[in-house]
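> Give me a 3D structure for the following:
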Amino acid sequence: MLQVSIVLVLACLWTTSFAGDVGDPLLVELPIGQLRGRDNGNYYSYESIPYAEPPTGDLRFEAPEPYKRQWTDTFDATKPPVLCLQWDQFTPGDNKLVGEEDCLTVSIYKPKNSSRSSFPVVAHIHGGAFMFGGATHDGHETVMREGRFILVKITYRLGPLGFVSTGDTHLPGNYGLKDQRLALQWIRKNIDSFGGEPENVLLIGHSAGAALVHLQLLQEDFDQLARSAISFSGNALDPWAIQKGAHERAFELGRILGCGQSKDPVALKQCLKSKPASEIVTAVKNFLIFSYVPFAPFGPVVEPSDAPGAFLTQSPEEVIKSGKSGQVPWLVSYLTEDGGYNAALLLEESYPGGPTWIEKLNDRWLDWAPYLLFYKNSEKTIQEIDDYSSKLKEEYLGDRRFSVETYLDLQRMFTDVLFKNSTLDSLDLYRRFGKSPVYAYMYDNPAEKGIAQVLTKNRDVNFGTVHGDDYFLIFDVINQDTQRPDAERISKNFIKLLEDFAIGDKGVLAFGDCTFQDNVGSADFKLTSITRNGCENKQFSQFP
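Presented below is the predicted three-dimensional model:
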């Protein structure tokens, strides 16, 4: 009897131990093996999970290959994601090189919420002008406290490593976009292992991330990867979103790196593959005329139609008109002073104790404006470019000089040209050619401390509602030094909006008391106005 009792006790202990392992939320089984995450108090994290083979060596400047390796040991998913190699605007000093070339991972954050057994999924593409940024820059603590969805952050190749293109089949470009698409496919296949609902995926991004979301949406089969999409302050029609002149920049990159004067794309690609990745990315500084201008010297391109695995072979406008883009609901937005991110750096001193860039603009406007506002590589002649630059100055400043006193008029020009006008153009195209709901909001609620104040270290200028003032209430990018009374309410409304949009069967979308109105087929533009005091649905025959 004693022996039987001992056996029973040992069996119970073994069963309890086994059940504990199986029920351990930090251990996740994937087809390639097991991984272990981290307990962060009110959420679990599973970080730096590779979705692609390292894009190094022969795989540099190639479409990403799915991760093929099998884990024999438990994969350590407790290490924060590394930055992809980049020349980072926000790294102080002359040497702005940070990150690693081997960086293609997803990081998953799952709330502790006992009221539900599975969660909708928000997949996140970070911004950074296609040049810099990373998953660690967009904080997730606020989102996780709400406990409404699983968040998945995607890393992708940036700058020349992600977007250099000769415009032919040898070096077609868009490697960063192809990375994102592979990551979305990985999420679709694997997120259920983490408690995510693969049929309820919302794709979001801010700024360049917003334009990248829109470009993903333009894929005809996007509805197989996500249910809906949101572009915060950016879309594929922005003048900086699709690069022109990429062919010349690719060969200029080669010349800078010692690849010679040859115009042979095969030779260029071989040479670039032989160079240290750090040298390729550091060469970015040679494409900047001052400060970090132009802010996106490398970015998405239209690829030749015969390029193997081409991501984009028509302009975004043509794709929208064709009706062959992804048929899912989309929300796009702009802020009343979105251009503050780009314009604010002009208030910096050109050198310590020297004149500000905005003062120097008076003598260099015709030279710098095409780089600042992204029409340098348009098909216009030099005279036509100069005439357009002069027309812009006349429209926004008249005969006044560029100065601190006229800065807000210059900022308004940047807002219109870089963000607002293309939001209008995008909505207009979808009104006429769209098939799935398209919503829009404008946000007017200045932060106490926004990106313009961070760039200029100037708290005396009333910049207005600048790029990121809404998005930073969702993701903790900039620490607000003064918590506004309305901030928590607006933040909760946005996070609830993300959850609803991830699971809504018919794309019904609301912010607080306002239900967004569909622009498709509408005679008027339909915008939801969000301010400190609440929200209001508005209609306009002409864009406000």
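> okay, CA-based contacts and neighbour counts for the rest of this
Fine.
> Name the single longest strand found in the protein.
strand 196-206 (DSSP state E).
> tell me which strands and helices it is in contact with?
Contacts defined by 3 or more Cα pairs under 8 Å, 6 or more residues apart in numbering; DSSP states H and E place strand 196-206 against strand 119-125, helix 175-190, helix 208-217, strand 228-232, helix 487-503.
> export those to JSON lines and tack on mean pLDDT and distance to Gly196?
Below are the helices and strands packed on strand 196-206 laid out as JSON lines (pLDDT from 0 to 100; distance: least, Cα to Cα, whole Å):
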{"stretch": "strand 119-125", "mean pLDDT": "98", "distance to Gly196": "5"}
{"stretch": "helix 175-190", "mean pLDDT": "98", "distance to Gly196": "9"}
{"stretch": "helix 208-217", "mean pLDDT": "98", "distance to Gly196": "20"}
{"stretch": "strand 228-232", "mean pLDDT": "97", "distance to Gly196": "16"}
{"stretch": "helix 487-503", "mean pLDDT": "94", "distance to Gly196": "11"}
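> Which one, of those, ends up nearest to Ser350?
Taking Cα to Cα, helix 208-217 is the member of these nearest to Ser350, at 26.0 Å.
> chain center to that closest one, what's the gap?
Taking Cα atoms, centre = their mean, to the nearest Å, the mean C-alpha location of helix 208-217 is offset from the chain mean by 7 Å.
> List of residues touching that helix?
125-130, 177, 181, 203-205, 222, 229-238, 241, 316, 325-326, 328 (Cα atoms under 8 Å, 6 or more residues apart in numbering).
> For Asp474, which non-adjacent residue is spatially closest?
One correction, residue 474 is Ile, not Asp. Ser491 (5.6 Å; Cα to Cα, 6 or more residues apart in numbering).
> excluding its backbone neighbours, what's nearest Gly57?
Lys273 (6.7 Å).
> From what I see, that neighbour and Arg60 are in contact.
Yes - with contact defined as Cα atoms under 8 Å, Lys273 reaches Arg60; the gap is 6.5 Å.
> who's more crowded, these two?
Arg60 (20 against 17; other Cα atoms under 10 Å).
> ok, that one - contacts?
161, 273.
> one more time with 10 Å, if that's ok
Shown in contact with Arg60 (Cα atoms under 10 Å, 6 or more residues apart in numbering): 54, 101, 157, 161-162, 175, 269, 272-274, 277.
> again, but for Asp513
493, 534-537.
> Out of the residues you listed, which sit inside helices?
Asn493 (DSSP state H).
> I only care about the contacts of Asp513 that end up buried; give me the ChimeraX line for that.
Selection of the buried residues among those in ChimeraX, burial being defined by 16 or more other Cα atoms under 10 Å:
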select :493,535,536
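> Which of the contacts of Asp513 sits closest to Ser378?
Nearest to Ser378 among those, with distances taken as Cα to Cα, is Asn537, at 36.6 Å.
> Touching, that closest one and Lys526? I think so.
Yes - if you go by Cα atoms under 10 Å, Asn537 and Lys526 touch, sitting 7.3 Å apart.
> so what sits against both of these two?
Common neighbours of Asn537 and Lys526 (Cα under 10 Å, 6+ apart) are 441, 516-517.
> thinking again about what came up before, out of the contacts of helix 208-217, which are buried?
125-130, 177, 181, 203-205, 222, 229-238, 241, 316, 325-326, 328.
> count of neighbours near Leu410?
The burial count for Leu410: 22, using other Cα under 10 Å.
> For it, give me its contacts.
339-340, 343-344, 346, 358, 392-393, 396-397, 402-404.
> Of the residues you listed, grab the buried ones for PyMOL.
Entered in PyMOL, the line below selects the buried ones among the contacts of Leu410, by 16+ other Cα under 10 Å:
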select buried, resi 339+340+343+344+346+358+392+393+396+397+402+403
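> Out of the contacts of Leu410, which is nearest to Asp428?
Gly339 (21.2 Å).
> do you know how far the residue lying closest to that closest one once chain neighbours are set aside is from Lys68?
Among residues not flanking Gly339 along the chain, Thr415 sits closest, at 3.8 Å (Cα to Cα, 6+ apart). Going from Thr415 to Lys68 by Cα to Cα, to the nearest Å gives 44 Å.
> Who has more neighbours out of these two?
Thr415 (24 against 11).
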